[in-house]
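# Everything below, folded, please.
(2 chains)
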Amino acid sequence: EVQVVESGGGLVQPGGSLRLSCAGSGFRFSSYWMAWVRQSPGKGLQWLASIKQDGSEQLYEDSVAGRFTISRDNAENSMFLLMNNLKVEDTAVYFCARQLGSGWPFDSWGQGILVTVSS
Amino acid sequence: EIVLTQSPGTLSLSPGERATLSCRASHSVSSHYLAWYQQKPGQPPRLLIYGASSRATGVPDKFSGSGFGTDFTLTINSLEPEDFAVFYCQQYDRTPYTFGQGTRLEMK
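You can find the predicted model right below:
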């Protein structure tokens, strides 16, 4: 069974940093692009970043480019999102999702993890 | 950026009826790079349709997608209680990948 599981969320102060992790199982992790998508009441579903199978290419949404960094460790079947200079508006549920390729939809999603940015 | 506008915002129907949901794109979505997702409370989105009209694995044929260019439709036949949820369209033609704001399908 294909599974992706997020971890690392929580409460952080504005300007702080947080690193999210995503563990994949039940599929050949190194064969898939992986992505982060977030959902907040104010902005709905928002794609944030995607990373190629070997990590050689990363794509970012403009509002997080330069603050967020996506990476992966195929040996550990894991993907990460390092979030710096967090803002109140980054408060959301963050989902890890699988993509067959950069021109493909998100075919498997984790349950999501809550990140709250507040003082 | 391709902006996706979904209508209606809320659709109230009874079990057994047919639902028709619309997604309009601000720019043409090439090669049918348009997907539909279903999301129930407390759950992640579930991929239903990709390539505008292809059903994802395990999705029953009561769900169908159509359209091209800037106008796309999700149709759900013979609504059952478990079908009521929020539905989102998404384009993956070009970055930033974008989602519509969602249509809430509620039971009348």
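
# what does chain A put close to chain B?
For chain A, the residues in contact with chain B (Cβ under 8 Å from any Cβ of the partner chain) are A:44-47, A:50, A:59, A:61-62, A:95, A:97, A:103-112. For every residue, glycine as well, the C-beta is placed using N, CA and C.

# Okay, and the beta partners of the residue nearest the centre of chain B?
Chain B has B:W36 as the residue nearest its centroid, 3.7 Å off, counting by Cα atoms, centre = their mean. Applying DSSP bridges to B:W36 yields these beta-bridge partners: B:I49, B:C89.

# In contact with it, which residues are there?
Contacts for B:W36 (Cβ atoms under 8 Å, 6 or more residues apart in numbering or on different chains) come out as B:21, B:23, B:47-49, B:63, B:65, B:74, B:87-90.

# go on, A:G9?
A:G9 is in contact with A:18, A:20, A:94, A:113-115, counting by Cβ under 8 Å, 6+ apart.

# just the contacts of B:W36 now: which is nearest A:R67?
B:Q90 (23.1 Å; Cβ to Cβ).

# can I assume the closest one is in contact with A:Q99?
No. Applying Cβ atoms under 8 Å, one finds B:Q90 not in contact with A:Q99, separated by 11.5 Å.

# what helix or strand is the closest residue to A:W36 other than its chain neighbours on?
Spatial nearest neighbour of A:W36, excluding adjacent residues (Cβ to Cβ, 6 or more residues apart in numbering or on different chains): A:L48 at 4.4 Å. Assigned by DSSP states H and E, A:L48 falls within strand A:44-51.

# and that strand, what other elements does it pack with?
Packing partners of strand A:44-51 (3 or more Cβ pairs under 8 Å, 6 or more residues apart in numbering or on different chains; DSSP states H and E): strand A:33-40, strand A:58-60, strand A:68-73, strand A:78-83, strand A:92-99, strand B:86-91, strand B:98-99.
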